[in-house]
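[1] How does the following fold in three dimensions:
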Amino acid sequence: MRRPGVGARRADRFGGVLGSVGVDVLGSSKAAEGPPTAEQNGVELSAGDFVRWCRQVLDLLDQIADVAGRDTPVGRAAAAAAKSVRRGVVAAGTA
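    Numbering: from 1, shown residues only. Just a heads-up that it's a prediction; the model follows:
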C-alpha cells in the first residue's frame, strides 16, 4: 500500500539535485527553456566532482547491464549509455 505524500517528499528531497540539471521531478518539462547553467544555480562543480559522479554513474550502468543481461534490451541500453559516458578524462586511469 502506498502512503500518501511519500512521492511529494521524495520529489522535494531529490528536486534540488534533479532540478539543477533541468529535470522537473513533478512532471512538467523545462526542455523549452534549456537546462540552467551552474552559474544560474549558484553551484560550482569541480572537475574532480564531475569525474567522480560520472564514474559512479558508470558503476551503476555496468551493474544494471550485468544484472539485466547484456543481451536484453535493458542491458544493451545500459551498456550503450556506459560506453557513451566512458570517454576522455572519465576513462583515464580505468581498465
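[2] tell me the domain ranges of the chain?
    1-43, 45-95 (automatic domain parsing).
[3] mean pLDDT for those: which is lowest?
    Among the domains of the chain, domain 1-43 carries the lowest mean pLDDT, at a mean of 54.
[4] Helices along the protein, start to end?
    Under the criterion DSSP state H, the chain contains helices at 6-19, 38-41, 47-68, 73-85, 88-91.
[5] could I get these as TSV with mean neighbour count?
    (C-beta placed from N, C-alpha, C; glycine too.) Formatted as TSV, the helices of the chain follow (neighbours: other Cβ atoms under 10 Å):
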stretch	mean neighbour count
helix 6-19	12
helix 38-41	11
helix 47-68	14
helix 73-85	14
helix 88-91	12
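[6] so who does the closest residue to residue 81 other than its chain neighbours touch?
    Leaving aside its chain neighbours, residue 81 sits nearest to residue 61 (5.3 Å; criterion: Cβ to Cβ, 6 or more residues apart in numbering). Residue 61 sits next to 78, 79, 81, 82, 85 when contact means Cβ atoms under 8 Å, 6 or more residues apart in numbering.
[7] let's go with 10 Å and repeat that
    Neighbouring residues of residue 61 by Cβ atoms under 10 Å, 6 or more residues apart in numbering: 77, 78, 79, 80, 81, 82, 83, 84, 85, 86.
[8] And residue 78, by the same measure?
    Residues near residue 78 by Cβ under 10 Å, 6+ apart: 60, 61, 62, 63, 64, 65, 66, 67, 68, 70, 72.
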